[in-house]
Every structure is written in C-alpha cells, then in structure tokens.
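# Next come a sequence and a model predicted from it.
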Amino acid sequence: MNNFLLIKLGALLVAPCLSAVTTLSAPETSGASIQWHLSLDGNASAATVDGGGNCYVTGVGGQPASGAFVTKIATDGRVLWTSYLLGGDGKGVAVGGDGSVCIVGQTPGGIETPHGYDTTHNGTVDAFVAMYDRDGKLLWATYHGGKNSDSALAVTMNEDGSVFVTGLTSSPDFPAPQAAAVLTTPGAGCRAFVSRFSRDGKLLWSQLLDESSVTIPLRSTYGMSIASPGNGVAYLTGYTKSSDDVIGRFYVAAVAADGGLCWFKEVISGAQGLAIAATKSAIYAAGWTSVRLPKPAGISPRFNGGPFDAFVMKFDMQGEIVWSTYLGGRGVDHAYAVATDVAGNVAVAGSTSSENFPASSALVSSYRDKQDAFVAKLSPDGALAWSTYLGGSDWDRCQGVVLDATGAVVAVGYSYSSDFLAAGTPKPAVLGGKASFAVKIGTGTSGPLPERPSEPRKPGRKRKRNL
C-alpha cells in the first residue's frame, strides 16, 4: 500500500524519501508479529503514542536541507503528516490529550522561533522546544540555553498542556538560578536541567540538578529521560560522573510541578540510566551496566557476561526499588528506551551484539552481524513475554519504543542494513548508508520472519560509523 505524504517546511511542500508500508503475514503463532514496518530518511530518536493509538516519531533528516522532524503515523501504519523544523535535531517527543505535539532537541542556530520566549541563538549549540497542533502546524518554538553547549534530550506533557523538559547544559548563563554559581566552578562539566513551559511557550521555571542534590562531589550530571503520568510530578533518570568514575552512577529523581526536588536517589555505581517511563503507581527505568543489580528478579537475575548488559528496574512512587533484571548475553547490550501501559506491562528496546541474547517468540531469533536492534516485552513482574532481534547484516539500533492500548509495541531507530529485518520487508531508504525505521509489533497475527544468511563481508571495505 503506497502512502501519500505531505511535508510542511513553512510554506514549502516537498516529497520525502519514504518506502511503502508493508504488512507481513505468515503462519499464526502466539509470539511477536509485525503489523507494519516503514522506513524514513535520517535518524529517528524517540517516539510516543496518543490515546487513539497514533504514533509520533521525532529525529533529524530531510532533503535537501536537514532539520528536526515530527511524523504522525496512524494505527495501520499510514503516515498522516510530517513537519520539519529546519536547523534542529529532534531528541524527544510528547503528545497531549488534544493532539498537540511537542518536540525538543538541539540546534546550532537558524530555527524558526514564532512566539518563543527566547528567539535569539545564545551560544555554540542551544536546546530548543517546539509545539505543533494536531495537524502538524508549528504553534511556537524557542531557544533554551546560554553561551556554551545546551541540549534538550526528552520531554513529557502534563494534562494541562504544559511540558517538562530535561537535558544538559554547560552554560553559566543558562536560565536557571543555580547556573551562575555551579557552572563557573572549575571542573564543573555539565549539569542536568529540568524546565517547565506553559502550553503557549512561556518558561515557567528551570532548575539544575547540582551538588546539593547528590552525595558525592560531581564533575557532571546527565539528564537523559523524563516522564510524567499526569500527576503533576516529573520523574527523571540519567547518571552522574565524578573524576574517578568512568561509567557513572545511575540515578532516578522526582521534581514537583513548582520545580521543587521531591527526591533524588543514586541507585548503583557503574551504570547509566538512559530511559524512564511512569504510571500513577510505578516507575520503570532502563539503561546498561556490568555490576550487580539490587533486588534481582525477572528475566535474568544474574549478569550474562560480556562488557555490559541492558537492565530494566521497577520503582515505587517514592523511588524505592521493587525489582530489577538484566537483559543481554555475552556481547554488548544497551537499553535506550522503555515504555509502560496502565497494566504495568513494559517494553524495552536498544541494541545488542550478543549471539545468545534471550530471543523468545521472536520475529528474528538469531543474531545477524555487527550490531542488531532488539525489542522485548515484559510482564509487570519482570518476566519475559517475548523478545526479538531486529536487524540485518550491518549496524542497527532501536532508540525509541511505545506501548499502545492494545498491547502492541512500536519501535523506532536507525539501520545501516540494506537487508534490514528479512525478505518481504521494504529496504530502508538509505541516505549516506543510514535510514530510520518504525516497526509495529503485536502478538498472534503472523509468524516469525524467514531467516536469511548474513551478507558476506566485502574485502577491504571499511566504513566509519557515527553510532
């Protein structure tokens, strides 16, 4: 089924590089099955879903000029619209109950800033925040930063249409009260920030997570992900790094609607928290580690070997650990995204180089080559419902994942593989060897994909990867 796609670049309409949506069918199984798969140019970084099951994806891409994009995809895989913010690089996306969509990211300057609280580029790289209506029309956009480097990495939307944003800054003139004191200290590095914007783009407040929030002298604090279940509280994860800590200390934190810090908890050293999701009764975080997890349970209570395993951890609303589990094999395994639904089911996605990754009821049951993407679904107690490789003979990675109301999972990421997934699926529209993908995975409607041998390596072929 071919799709007609309208891309909005201000007043300019252009045709994107988009493959046809493909729906796969095979013998029925109770395991994972692809409902649709499509490919876009560029790099998809994050995804979210609305109450109607429509999916929203952000990242960076476009021809001939590059910009942050936000794409709305219907439940059946039809692309409804795509809008670009030229000069931006989208990192996070959120959707409101009225269908409004917010994206955040970073920019070296030159973006549109209608009705922004800050319309002037401030430094090397600024964070940006942009809001669109339900039809993809830009309502407002703003720079957010200071004279050094600033990046917004994630966003979540409240029931009143306001948004919480997190990321990192190294600017002493960043619009937060602690910035001047904290970021002029020798060796200060960067700091995680949390900011709240009104639905019409006004900056309500902005705070840093600084030394008063943690128990060790810091070099840097990284704000990687944020989530709010609509209770007015934002939950964050990331990691802190001191001069003697190579990997970092994984943390979770809660920030109130007025910007006050509810709690901040360093969970373990030797781990990085990269993603967070929340309901009104539980918090889930994911990332990677090689150290012992507290309260191990679920898929794998023991480390699986190799340099790093992905992990998933469940917390109560006060930040106390309920359970934790490893997810990986003998290679390098990283979780970059996590999602949950009201029932407490969990989806996690990332990348793996493990030939013994725990693929179960899988679309692709064996490791292909170099680095494969993976997607897994867990029950509320951390048991494995299903998991699968996604990939081809080159580098592949999932960077975003969502769960819709039917229990289906949508995973987004990028691929360098011309044979991404397997026979019968469309090849990504490769631009410079890299393309985005979005895959919707359900259960029980089709079977696993046919296995294909890995592509033989060509003698003398060497390409650098910007992973």
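Sure, I can see it.
# can I assume residue 181 sits in a helix?
Yes: counting by DSSP: H, G, I helix; E, B strand; the rest coil, residue 181 is part of a helix.
# can you count the residues close to residue 136?
Using other C-beta atoms under 10 Å, residue 136 has 18 other residues around it. The C-beta positions use only the backbone N, C-alpha and C, and glycine is treated the same way.
# Any regions of this protein where pLDDT drops low?
For the chain, the stretches flagged by pLDDT under 70 are 1-31, 41, 63-64, 210-218, 421-433, 444-467.
# for residue 303, helix, strand, or coil?
coil.
# what residues are up against it?
By C-beta atoms under 8 Å, 6 or more residues apart in numbering, the contact list for residue 303 reads 290, 291, 292, 309, 326.
# Please name the bridge partners of the residue lying closest to the first one once chain neighbours are set aside.
If I follow you right, that is residue 290. Ranked by C-beta to C-beta, 6 or more residues apart in numbering and with sequence neighbours excluded, the top spatial neighbour of residue 290 is residue 308, at 5.1 Å. Assessed by DSSP bridges, residue 308 has beta-bridge partners residue 332.
# What's the local residue count around residue 308?
22.
# Kindly report the same for residue 172.
16.
# State the distance from the residue lying closest to it once chain neighbours are set aside to residue 120.
Closest residue in space to residue 172, ignoring its immediate chain neighbours: residue 183 at 4.2 Å, by C-beta to C-beta, 6+ apart. Using C-beta to C-beta, to the nearest Å, we find residue 183 at a distance of 20 Å from residue 120.
# who's more crowded, those two?
residue 183 (22 against 9).
# Could I get the contacting residues of that one?
Contacts of residue 183 (C-beta under 8 Å, 6+ apart): 148, 169, 170, 171, 172, 174, 191.
# Identify the farthest-apart pair in these.
Farthest apart among the contacts of residue 183 by C-beta to C-beta are 148 and 191. That separation is 11.2 Å.
# hang on, isn't residue 251 packed against residue 235?
No: under the criterion of C-beta atoms under 8 Å, residue 251 makes no contact with residue 235, lying 11.1 Å away.
# For residue 101, which non-adjacent residue is spatially closest?
That would be residue 132: by C-beta to C-beta, 6+ apart, it lies 4.6 Å from residue 101.
# do the same with residue 378
The nearest residue in space to residue 378 (C-beta to C-beta, 6+ apart) is residue 346, at 4.2 Å.
# Now for that neighbour: which residues touch it?
277, 284, 312, 314, 338-340, 377-380, 382, 403.
# Weed out the non-buried ones from those residues.
277, 284, 312, 314, 338, 339, 340, 377, 378, 380, 382, 403 (16 or more other C-beta atoms under 10 Å).
# Could you export those residues as a markdown table, including distance to residue 367?
Formatted as a markdown table, the buried ones among the contacts of residue 346 follow (distance: C-beta to C-beta, whole Å):
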| residue | distance to residue 367 |
| --- | --- |
| 277 | 27 |
| 284 | 26 |
| 312 | 20 |
| 314 | 28 |
| 338 | 22 |
| 339 | 24 |
| 340 | 27 |
| 377 | 19 |
| 378 | 21 |
| 380 | 28 |
| 382 | 23 |
| 403 | 25 |
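# so where do the strands sit in the stretch 101-250 of the chain?
Remark: strands assigned in the stretch 101-250 of the chain by DSSP state E, counting those that start in this stretch are 101-107, 126-132, 138-144, 150-157, 163-169, 191-197, 203-208, 220-227, 234-241, 249-255.
# Of all these, which one is nearest residue 87?
Per C-beta to C-beta, nearest to residue 87 of the strands of the stretch 101-250 of the chain: strand 101-107, 5.2 Å.
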